[in-house]
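Asker: I would like to see how this sequence folds:
(chains A, B, C and D)
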Amino acid sequence: MNILMAVLLLGGLALAAGIVLAVASRVFHVEGDPMMERIDAVLPQTQCGQCGYPGCKPYATAVASGEADVNKCVPGGERAMLAIADLMGVPPKEVEEEAAPPMLAYIREDECIGCTLCIKACPVDAIIGAPKQYHTVVESHCTGCTLCVEPCPVDCIDMLSKPEVLEEWTWSAPGKASLVKLEGDSDARVA
Amino acid sequence: MSLLISSPHAHGGDSIRANMLSVIIALLPASAVAVYLFGWLALFLMMLCIAGCMASEWGCLKLMGRPSRIGDGSAALTGLLLALTLPAAVPWWMALTGCVVAIVLAKQVYGGLGHNPFNPALAARVVLLISFPLNMTAWLVPMHAPMFAASLPLNLYDFSQCWQLFWFGPEALGKGLDALTMASPLGHVKTEWSRGVGAIEALRNYDYSYLDAFLGREAGSLGETSALALLLGGMYLMARHTISWHIPVSFIVSVYMLATVFNAVNPEHFAPPLFHVLAGGLMLGAFYMATDPVSSPVTPRGQIVFGIGCGIITWSIRTYGGYPEGVMFSILLMNCAVPLIDHYFRPRVYGK
Amino acid sequence: MSEFALIMLSAVLVNNFVLTKFLGICPFLGVSGKLETAIGMSLAVLFVMTLASTASWLVQEFILIPFDLMYLQTIFFILIIAVLVQFIEMLIHKSSPVLYQALGIFLPLITTNCAVLGVALLNVQQEQTFMTSALYGFGSALGFALVLLLFAGLRERIDKAPVPEAFKGSAVSLITAGLMSLAFMGFSGLVKV
Amino acid sequence: MPGLLERLGGLFGGGVDLRSLISPGGFPGGVHPAQMKITAASPIVQSPLPPQLILPLKQHIGQICIPIVEVGDHVLRGQKVARSQGYVSAPVHAPTSGTVLAIEEHAVPHPSGMGRQCMIIEPDGLDEADQSMPSLCDYLDEDPAIIRERIRLSGIVGLGGAVFPTFIKMLRDQRHPIETVILNGVECEPFLTCDHRVMLEHGDSVVRGLNVIMHAVAAKGGIIAIEDNKPDAVDAMREAIARAGFEANIEVRVLPTRYPQGGEKQLIQAVTGRQVPAGKLPLHIGVICQNVGTAKAIHDAVCMGKPLTERVVTISGDAVPHPANICARIGTPMPFLLAQCGLRDLSGVRLIHGGPMMGERLPRMNVPMVKSTNGILAMRAESLYSENAQEEPCIRCGHCVEVCPVGLVPNELAWHCRNDQFDRGQEYDLFDCIECGCCSYVCPSHIPLVHYFRYAKGQVAHIEKERAFAELSKARSEARDNRLAREQAERAARRSKVRKSGAAEAAADASDDTEAGTSGAESGEKAS
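Answerer: Purely as a prediction, here's the structure:
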């Protein structure tokens, strides 16, 4: 009798709780998962495919669903990895590949045959030109993803490192060696 | 290739070493009083603690393969401070344990100088107090204590007696620890309080005198007894700008204010404010422990909050708590809050 | 009135759940990495513990005692707490996505948090009234929150410090908690309840 | 008395002076570095013309200028050789008559040691002036707009070191009438004495220049702020004001010496007692601030028709045998100036562009002096603090908090910057830092705090830029995806139509390639 009472009470309470939770889950239902968007926002959007996915958004989707690791974005480097790991709430993982210094694609125009293959390959429409015309890269749009190099049948696309300019120079962290060469020790006697 | 170097290219010449050194110098008067009161024992204890802390520091850094920082004087300072907070009659191994705890557990584990959240000397003292409550509350009768003027149980200026006591304990002298010790004013008040005797009455039957407390002729830890010596050193530190006035002043003033208010409400029951200010480790704590730069807030407003917090906790523990003295606990407790204080009490930014 | 104040003071400082009863250590270590998360967790715990102590008191008084089911105390309390936590999780998810994000996995973890169950059981043990049990739950949660916030502040600093390799992470955190616990011993005897 | 106090302060604690306790007025914080004004009594000497002048095409904050003369052209002194581009800009003038040898990249005074477009001019030694700009002696009768335009055309920028184009600061805004023009004769940097000497030797020009500014912005009052370590300058300025008869509305304000009192916002607080609200400009509280050197340049431009082609430079430092104040043409190579002061062998010497507190160490020696050059310090490598300092752990002494004139918590801020927590850094008001260097100056642990702040500021800017570029790339990528999808849909629709009508499918296939190519190009052009 006592056992029956206990089972009934516990069962009853559990049932009531279950109903309350079921109703609550209906009332407080939340739409969608903003995680993919948030991950996409921290990716560098080079669309380079070095992560093994065809672009930044597919990679973001894969990470958000837990399919992909957080450390696959090569151009994003450590900063992107940390940001994604933070968003996903998982421990950071070392980025395996070192990001290359920022590059720009450059088409040697006199060699270009105007095949438009590179134009089709460019994920951000940074190459302009018409069939049988020279193509050229819009520098300010090029992400340096190198996707245009492979399709070129005459190998006239070079990846050049981005020129350093004074305006974009920033201080490196204290104690880190920089490329600044100091005069005054070796080549003295200027005047 | 060269290192990129930013301005400024000039420097005021301050250094960690100079800071530590000035605190050690500021502690000289209190150390001298300690030797005056506790003779050779004080000297043994201070030397042991300084050596112990420096050795621990050296060992830790060696073990971790980090460059030695013995020269900056921070370990020596921790040792001296620890010694000054210990009762004169602690066994040598206890003091040494304190040194190891202070340097290893409270400092090097956190990454060494600059990273310890708690004052190492106080952390060590609280570990000792909780591990060895008996020894840590046995106050040796000091030389020149007025009430024992006629019959001192032990001549602390006698080298061989002190040597025996220090290394082999009171048993070596054929005496029990009880025979050599007396109650500190705070301890006495607490005991009487628990028996239902008011503070004024307790002080009366203790033969308490403000002048003795100010000069330091009373029982207590090595360096905490003389408010005068500690004040002198504190003034020196403030004049040298090693510490700012914010923490000591807000600490002492808040204790004083609280005591004044409660003493005014019930003078028989609550101890008078001046007693609180002169008693126990308040001066030592306020000028040398709470101001430990590493474990105290950096902003002036934060320092005031910190000092007031210390004051309130100190008074509360002294008055209501299970322990007779609360300075140590209050500083450690406020040390916990330092990151939050620093975060929430920043100076006003120009134009904001 | 002063009885209530003493209960609060005792629960917050003297008999602090984390530092003197050593309950709720898991979230104490787990959610203290960042101050922001710690604040969120504190709020959640404050909410859950107060509700849990009152709910469990009600269950105790109106189900367990009348039907003489004291031996099912633990399982009943766990049920109640689990439902509460689930409910609150949904509520937060709907109302404050930011807080939801901040709490992450730790909100469901409160379910198995011994502090919450502890406060329910201690209430029964101490034979509190409805009001005092609510107050005790709130006070304990406040104590938890206080210590969690202090600890989170310290951890933010310690996590970036050059801690020796062997002590990195939970080792140094536990040492810090230990030292904090020693400091909190200063409050012992402050309130005799 | 001040000297005694300083020595006393130095005795008591590194760098923190007792005087800040005595005179709590003015701005918060600050330090009292050793003055080292060894050239204070050296009269300004005129530098001879160097064999070559190197004229950077950007010597101001803003857009780089576009050269308007060609290689081989002959130019006259004061002739505009590069026009400004964009609003925030200042044109460049030929410092002397001669031939344009080249327009090429050349090292400029910059901490990076990098180069920038410069015009190299070989002087012909005649120093013929371009007389095309008339003087506006009766400037009080001129419309303020004309005066502003003259100042713009004369290439005048803030000569205190900020090099912000001066005419922009003098724009009149009806909502914010300017009440006071503050002339900054503080010169709080150690070593530097060029403003001091200008006030002593060109006092009349300075006062007249201030009057021009007051007229241009319709300000009623002018204040010349001078620190009390330059009593002779105070006297000189008072006399000049009396000579010009401006006693009624121009006054000299003597301020207790403290670094960084010469900072614009600090000076405004020291003089007016008010702070410029965050995100606002001094003009919003009815004040503008100009350097005394700028005032002189304005006087020369307006009253004498001379564009900015020369300025006074302090050459000092422990490696310089004969420190001096030299008036030199802009573009004069620094080694040429140093040689005049007896320093020819530059081995083991470090050049600092500006004063020791805020000046930049120059990795290159053969760089020209520019409009912002108020001093060139040649220091022995071993005596340069910043090169020999060893960073030690922060002991949280809080001295940096006390001396920060902005009210930051430098130690915490540097900690976040060091750990690359830039959002935390911004939460700790990283961008309010004026890089005055007080924190580094007093730090007992020798932490290069300013360096950390600069690093973090650069990183934040870099990250912002990358984010903006990523946004753009994302938009372009999405546009492309949409276009491809649309084209595919269209093609599919057409195909089915073609199939229905029974026409040949080959035609559609053949046109695929060309279509994609041209449309890609089109959209690319549209977007660019």
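
Asker: may I see the buried residues of the longest helix anywhere in chain A?
Answerer: Looking across chain A with DSSP state H, the single longest helix is helix A:2-27. Buried residues in helix A:2-27, defined by neighbour count with 16 or more other CB atoms under 10 Å in any protein chain shown: A:Ala6, A:Leu9, A:Leu10, A:Leu13, A:Ala17, A:Leu21, A:Ala24. For every residue, glycine as well, the C-beta is placed using N, CA and C.

Asker: what about the second one, distance to chain B?
Answerer: If you measure A:Leu9 against chain B using CB to the nearest CB, to the nearest Å, the figure is 44 Å.

Asker: before we move on, back to that, tell me what the longest helix of chain A is packed against?
Answerer: Counting contacts by 3 or more CB pairs under 8 Å, 6 or more residues apart in numbering or on different chains; DSSP states H and E, helix A:2-27 is packed against helix C:73-95.

Asker: and the helix it packs on with helix A:2-27, angle?
Answerer: 10 degrees (axes from the mean of the first three to the mean of the last three CA atoms, to 10 degrees).

Asker: which parts of the stretch 101-250 of chain B are helices?
Answerer: B:120-131, B:133-136, B:159-168, B:177-180, B:185-194, B:199-206, B:210-215, B:227-239, B:246-265 (DSSP state H, counting those that start in this stretch).

Asker: hey, C-alpha coordinates of the fifth one in CSV?
Answerer: Below are the C-alpha coordinates for helix B:185-194, written out as CSV (Å, rounded to 0.1, in the frame of the first residue of the first chain):
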residue,chain,number,x,y,z
PRO,B,185,45.6,42.9,25.0
LEU,B,186,43.3,41.8,22.1
GLY,B,187,43.4,38.2,23.3
HIS,B,188,42.6,39.3,26.8
VAL,B,189,39.7,41.4,25.7
LYS,B,190,38.3,38.5,23.6
THR,B,191,38.6,36.0,26.4
GLU,B,192,36.9,38.3,28.9
TRP,B,193,34.2,39.1,26.3
SER,B,194,33.4,35.5,26.0
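
Asker: give the residue spans of chain C that score low on pLDDT.
Answerer: Along chain C, the model assigns pLDDT under 70 to residues C:1, C:98, C:101-106, C:111-112, C:192-193.

Asker: in it, which helix is the longest?
Answerer: Counting residues, the longest helix in chain C under DSSP H turns out to be helix C:130-158.

Asker: quick revisit: deepest in the core, which of the helices of the stretch 101-250 of chain B is it.
Answerer: helix B:120-131 (a mean of 25; mean count of other CB atoms under 10 Å in any protein chain shown).

Asker: low pLDDT regions in chain D?
Answerer: D:1-25, D:502-528.

Asker: please name the residues that touch D:Glu187.
Answerer: D:Thr193, D:Cys194, D:Asp195, D:His196, D:Glu227, D:Lys230, D:Gly262 (CB atoms under 8 Å, 6 or more residues apart in numbering or on different chains).

Asker: hmm, I was thinking of C:Gln126
Answerer: So C:Gln126 contacts C:Tyr136 (CB under 8 Å, 6+ apart).

Asker: how near is it to B:Phe345?
Answerer: 38 Å (CB to CB, to the nearest Å).

Asker: ok, B:Asp14 to D:Cys400 distance?
Answerer: 11 Å.

Asker: spatially central residue for chain A, please.
Answerer: A:Leu43 (3.1 Å; CA atoms, centre = their mean).

Asker: quick one: contacts for that one?
Answerer: A:Cys56, A:Tyr59, A:Ala60, A:Cys73, A:Gly76, A:Ala80, D:Ala470.

Asker: which two of those residues have the greatest separation?
Answerer: By the measure CB to CB, the contacts of A:Leu43 have their two most distant members at A:Tyr59 and D:Ala470, which lie 13.3 Å apart.

Asker: next up, the contacts around the residue nearest the centre of chain D.
Answerer: Centrality entry for chain D: nearest residue to the mean C-alpha point is D:Ala162, 2.4 Å, by CA atoms, centre = their mean. Contacts for D:Ala162 were tallied using CB under 8 Å, 6+ apart; they are D:Ile61, D:Glu264, D:Ser372.

Asker: output those as CSV; include the columns distance to chain C.
Answerer: Below are these laid out as CSV (distance: CB to the nearest CB, whole Å):
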residue, distance to chain C
D:Ile61, 35
D:Glu264, 35
D:Ser372, 37
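
Asker: out of these, which is nearest to chain A?
Answerer: D:Ile61 (11.4 Å; CB to the nearest CB).

Asker: quick check: the nearest residue to that closest one once chain neighbours are set aside vs chain C, distance?
Answerer: Of all residues not flanking D:Ile61 in the chain, D:Phe164 sits nearest, at 5.0 Å (CB to CB, 6 or more residues apart in numbering or on different chains). Distance, D:Phe164 to chain C, using CB to the nearest CB: 37 Å.

Asker: neighbours of D:Phe164, how many?
Answerer: 16 (other CB atoms under 10 Å in any protein chain shown).

Asker: and C:Gln73, by the same measure?
Answerer: Residues near C:Gln73, counting by other CB under 10 Å, number 16.

Asker: count of residues packed around the closest residue to it other than its chain neighbours?
Answerer: What sits nearest to C:Gln73 in space, not counting adjacent residues and going by CB to CB, 6+ apart, is C:Leu64, at 6.0 Å. C:Leu64 has 20 neighbours, counted by other CB under 10 Å.

Asker: C:Leu64 contacts C:Phe76, doesn't it?
Answerer: Yes - if you go by CB atoms under 8 Å, C:Leu64 and C:Phe76 touch, sitting 6.4 Å apart.

Asker: isn't D:Val406 up against B:Arg348?
Answerer: No - counting by CB under 8 Å, D:Val406 sits too far from B:Arg348 to count as a contact (9.7 Å).

Asker: ok, the two, which is more surrounded?
Answerer: Set side by side, D:Val406 and B:Arg348 show more neighbours around D:Val406, with 25 against 11, by other CB under 10 Å.

Asker: residues in contact with the spatially closest residue to the more buried one that is not a sequence neighbour?
Answerer: Of all residues beyond its chain neighbours, the one nearest D:Val406 is B:Tyr350 (4.4 Å), with distances taken as CB to CB, 6+ apart. Under the criterion of CB under 8 Å, 6+ apart, the contact list for B:Tyr350 reads D:Phe27, D:Lys265, D:Gln269, D:Gln275, D:Val276, D:Ala278, D:Pro405, D:Val406, D:Gly407, D:Asp432.

Asker: what's the PyMOL syntax to select whichever of those residues are buried?
Answerer: Here is the PyMOL command that selects only those of the contacts of B:Tyr350 that count as buried (16+ other CB under 10 Å):
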select buried, chain D and resi 27+265+269+275+276+405+406+407+432
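
Asker: identify, from the contacts of B:Tyr350, the entry nearest to A:Ala173.
Answerer: Of all the contacts of B:Tyr350, A:Ala173 sits closest to D:Asp432, with 20.8 Å by CB to CB.

Asker: so the closest one sits against D:Pro405, correct?
Answerer: No - using CB under 8 Å as the test, D:Asp432 is too far from D:Pro405 to be in contact (10.5 Å).

Asker: next up, the contacts around the nearest residue in space to D:Glu105 that is not next to it in sequence.
Answerer: Leaving out its chain neighbours, the residue that sits closest to D:Glu105 by CB to CB, 6+ apart is D:Gly115, at 4.2 Å. Applying CB under 8 Å, 6+ apart to D:Gly115 gives the contacts A:Leu166, D:Glu105, D:His106, D:Ala107, D:Val108.

Asker: helix/strand/coil for C:Leu109?
Answerer: With DSSP: H, G, I helix; E, B strand; the rest coil as the basis, C:Leu109 sits in helix.

Asker: contact residues of the stretch 301-450 of chain D facing chain C?
Answerer: Neighbours of chain C within the stretch 301-450 of chain D, by CB under 8 Å from any CB of the partner chain: D:Trp415, D:Asn419.

Asker: could I get the full set of strands for the stretch 301-450 of chain D?
Answerer: D:310-316, D:324-329, D:349-353, D:360-362, D:375-380 (DSSP state E, counting those that start in this stretch).

Asker: cool, thanks, signing off.
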